[in-house]
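In: give me the fold of what follows.
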Amino acid sequence: MDEIHEAAPAPRRPSVPVDVGGVTVGGGAPVVVQSMTNTDTADVAATAAQVAALARAGSELVRITVDRDEAAAAVPHIRDRLARMGVAVPLVGDFHYIGHKLLADHPACAEALDKYRINPGNVGFREKKDRQFAAIVETAIRHGKPVRIGANWGSLDQELLTHLMDENARSAVPRDARAVTREAMVRSALISAERAEAIGLPRSRIILSAKVSAVQDLIAVYLALARRSDYALHLGLTEAGMGSKGIVASSAAMGILLQQGIGDTIRVSLTPEPAGDRTLEVKVAQELLQTMGFRTFVPLVAACPGCGRTTSTTFQELARDIQDFIRDSMPDWKTRYPGVEGLNVAVMGCIVNGPGESKHADIGISLPGTGEQPTAPVFVDGRKVATLRGPTLAADFKQMVVDYIERRFGATGRSAAE
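Out: Just a heads-up that it's a prediction; the model follows:
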């Protein structure tokens, strides 16, 4: 019989650590979750509220657009408002086209931000390009800020791309246009990083990204970046899309790269539904890292998909209720119950797999399927400890989860373990 080998991710790619407002990106630090607001940054109240919501959902860095004078002037006030709200998440300023001018004209903005993001494809054009790029880098040096140099498929440096296309056309063995464009993405990021270092920005203040919208392109580009440099890398598809498409594409691309040890910080760039919850991108990023075993953020709820044996919606409603209850409780639990994020809960729908799956969880419940007795055994640490029934079943199980957390992760439980 063939031996079954343990599946494990590749060792993390060595990268230079970068301090972003007290959060370490790269250098073997845990992969950082970040997000971006979609408010008008000039609206201080709305932007601060969304930054706070993203941070409370678990975003460890939050990026805001700085696209005009009013937005730049608002940044220090956003920082102050967040401080009054008790939110200390690092802020990243997203600059395009006129970042050099905004940072020069608004030094308080330059100081309030914890990192600058610049795009080598639109930082300037022709003779202005080098001068405007240098101006942003010099501002970062003066204020002691790191910079993410982020090439993007949709705004790629056209001079560089044209040069590589012409060079490829003269080659005895020309590559296809897509391969040349991928190479332009990689070179754009690396050349810009080398220029930033030549100006005086330390390697320990540089993060690179090269975002594209197709899964295979992203994998190819980041494999090349990882081979050719030791800069910290920011992963993410640009314009990943809406709903399940965006979630699947982002998870497929980043999951493959993360499994190979590539990636120091991630963002899932989902298009929100109208009036949708912006924090969804944070939850997806956390769940990607947690389901792959890289980090733990919140207790995971395992639930069966349902079949002909589970005609009742009770288990579906209970699974959703427990999952929402856990997420809503985590801000308090993280403080009161260290380690609770590693808890595993199971909510199963019938006798076939229910008891077995529930036994594998820390605490689990197996609800009755069609034709089964209307009782629900509860398992704790692999042992059946109770049987629930009746209209209070959901509330009773929720209380058992809370009691288990208190026993295992509360002060008494920690003392006993020590």
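In: check which residues of stretch 197-212 are buried.
Out: Of all the residues in stretch 197-212, those buried under the rule 16 or more other Cβ atoms under 10 Å are 199, 201, 203, 205-212. Every C-beta, even on glycine, is put in place using the N, C-alpha and C of the backbone.
In: distance from it to the middle of the chain?
Out: Between the centre of stretch 197-212 and the centre of its host chain there is 20 Å, according to Cα atoms, centre = their mean, to the nearest Å.
In: any idea how far residue 123 is from the closest residue to residue 339 other than its chain neighbours?
Out: Computed as Cβ to Cβ, 6 or more residues apart in numbering, the closest residue to residue 339 that is not its neighbour in sequence is residue 409, at 5.4 Å. As judged by Cβ to Cβ, to the nearest Å, residue 409 and residue 123 stand 48 Å apart.
In: how about residue 41?
Out: Counting by Cβ to Cβ, the gap from residue 41 to residue 123 is 19 Å.
In: so for those two, which sits in the more crowded spot?
Out: residue 123 (26 against 23; other Cβ atoms under 10 Å).
In: name the SS class of the more buried one, please.
Out: coil (DSSP: H, G, I helix; E, B strand; the rest coil).
In: contacts only, for it.
Out: Residue 123 sits next to 96-97, 99-100, 129, 132-133, 136 when contact means Cβ atoms under 8 Å, 6 or more residues apart in numbering.
In: swap in residue 380?
Out: Per Cβ under 8 Å, 6+ apart, neighbours of residue 380: 362-363, 400, 404.
In: per-residue confidence at it?
Out: With respect to pLDDT, residue 380 scores 95.
In: which of the buried residues of stretch 197-212 fall within helices?
Out: Here DSSP state H is the test, and those give residue 199 as lying in helices.
In: any stretches of the stretch 151-300 of the chain with poor pLDDT?
Out: Along the stretch 151-300 of the chain, segments meeting pLDDT under 70 span 240.
In: all helices of this structure, in order?
Out: For the chain, the helices defined by DSSP H occupy 44-57, 69-84, 99-105, 107-112, 127-143, 158-169, 177-199, 215-228, 243-259, 280-291, 314-336, 354-360, 393-409, 411-417.
In: list the buried residues in the shortest one.
Out: To tie it back to what came earlier, the one meant is helix 107-112. 109-112.
In: for the third one, same thing?
Out: For helix 99-105, the neighbour count (16+ other Cβ under 10 Å) marks 99-100, 102-103 as buried.
In: equivalent analysis for the second one, please.
Out: For helix 69-84, the neighbour count (16+ other Cβ under 10 Å) marks 71-79, 81-82 as buried.
In: just put those in JSON lines and tack on pLDDT and distance to residue 314.
Out: As requested, the buried residues of helix 69-84 are arranged in JSON lines below (pLDDT from 0 to 100; distance: Cβ to Cβ, whole Å):
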{"residue": "71", "pLDDT": "98", "distance to residue 314": "49"}
{"residue": "72", "pLDDT": "99", "distance to residue 314": "53"}
{"residue": "73", "pLDDT": "99", "distance to residue 314": "54"}
{"residue": "74", "pLDDT": "99", "distance to residue 314": "49"}
{"residue": "75", "pLDDT": "99", "distance to residue 314": "49"}
{"residue": "76", "pLDDT": "99", "distance to residue 314": "52"}
{"residue": "77", "pLDDT": "99", "distance to residue 314": "49"}
{"residue": "78", "pLDDT": "99", "distance to residue 314": "45"}
{"residue": "79", "pLDDT": "98", "distance to residue 314": "47"}
{"residue": "81", "pLDDT": "99", "distance to residue 314": "44"}
{"residue": "82", "pLDDT": "99", "distance to residue 314": "42"}
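In: what domains does the record give for the chain?
Out: Under the assignment automatic domain parsing, the domains of the chain span 18-291, 300-417.
In: distance to residue 10 for the ones you listed - can I get that in TSV?
Out: Formatted as TSV, those follow (distance: least, Cβ to Cβ, whole Å):
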stretch	distance to residue 10
domain 18-291	4
domain 300-417	23
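In: any idea which of those domains gets closest to residue 12?
Out: The closest of the domains of the chain to residue 12 is domain 18-291. By Cβ to Cβ, the value is 4.6 Å.
In: first to last residue in that closest one, what's the distance?
Out: End-to-end distance for domain 18-291: 26 Å, by Cα to Cα, to the nearest Å.
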